[in-house]
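**Q** quick one: sequence and predicted model below, then my questions.
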Amino acid sequence: MSVRARRRVAILALFAVGLTVGWARLLPLPSVSVQWNSRTSSEEYRPLVRLQEGKEILLVAIVSSNCFWSNLPETIEGIRAAKILVQRQARDEGLEFVTMGVARDMVASAGIEHLEEHGLFDEVLAGRGWLNSGVLQFIYNDEIPGWAATPQVVVIEQTVTLDAGARRIEGRREVLRKLGAKEIEEWVAEGAVVDLSAERSRSG
């Protein structure tokens, strides 16, 4: 093959490559991504979105984005499942059910982002580390004392009073506390059973 013929072949080859790249940019190949979701929408907890007078069960999840155990998949899935399981028990007892997510993070935005992984909550408290309002209520409190550790789940029985313009929560009592990833996982595996008639049930 002559030099001229080789040049023609090379030019044609370059033209073909350029044409292919150009068409690829104009008409990109479709991409397909697959995401496996083990939960359906019916299995996700949905907030109450109303104020109801009377006794209710409050499930509090205390976690932290910088806590290794709070980030374990079994902890996250356990808290998601616990909300649904305890809600069913509360309804069977004719009680309202609400949830609170507490993020023991110094940076509130990081805590809120971490709580989102645990599903929806009726109320969230994030920021200020160990001075977080939720931590003070459910750990550093003489009425409902706990252990300074994450993750943990606390189940509270309380009474909501709506009196004209006043709203109050009275008669709080701790029904159950699960401390650490292992306790939460085992509790949920057994159905997240809560003895609502118990005066006080604490583990650890």
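**A** Okay, I see it.

**Q** so what's the residue nearest in space to the middle of the chain up against?
**A** Computing the C-alpha centroid of the chain and ranking residues by C-alpha atoms, centre = their mean puts His118 first, at 0.9 Å. The neighbourhood of His118, defined by C-beta atoms under 8 Å, 6 or more residues apart in numbering, consists of 61, 63, 76, 79-80, 101. Any C-beta I mention is one placed from the backbone N, CA and C, and that applies to glycine too.

**Q** try Asp105
**A** If you count contacts by C-beta under 8 Å, 6+ apart, Asp105 has them with 64-66, 111, 114, 126-127, 129.

**Q** what of Ile169?
**A** Contacts for Ile169 were tallied using C-beta under 8 Å, 6+ apart; they are 158-161.

**Q** quick check: longest strand of this structure.
**A** Ranked by residue count, the top strand of the chain under DSSP state E comes out as strand 166-179.

**Q** output that strand as CSV - backbone C-alpha positions only.
**A** Coordinates of the C-alpha atoms in strand 166-179 are reproduced here as CSV (Å, rounded to 0.1, in the frame of the first residue of the first chain):
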residue,chain,number,x,y,z
ALA,A,166,-52.5,25.6,77.5
ARG,A,167,-50.8,22.4,76.3
ARG,A,168,-49.1,20.2,78.8
ILE,A,169,-47.5,16.8,79.0
GLU,A,170,-47.9,15.2,82.5
GLY,A,171,-47.2,11.9,84.2
ARG,A,172,-44.2,10.8,82.3
ARG,A,173,-42.9,7.4,83.1
GLU,A,174,-40.3,5.2,81.5
VAL,A,175,-41.7,1.9,80.3
LEU,A,176,-38.6,0.5,78.6
ARG,A,177,-35.0,1.4,77.6
LYS,A,178,-32.8,-0.5,75.2
LEU,A,179,-29.2,0.5,75.3
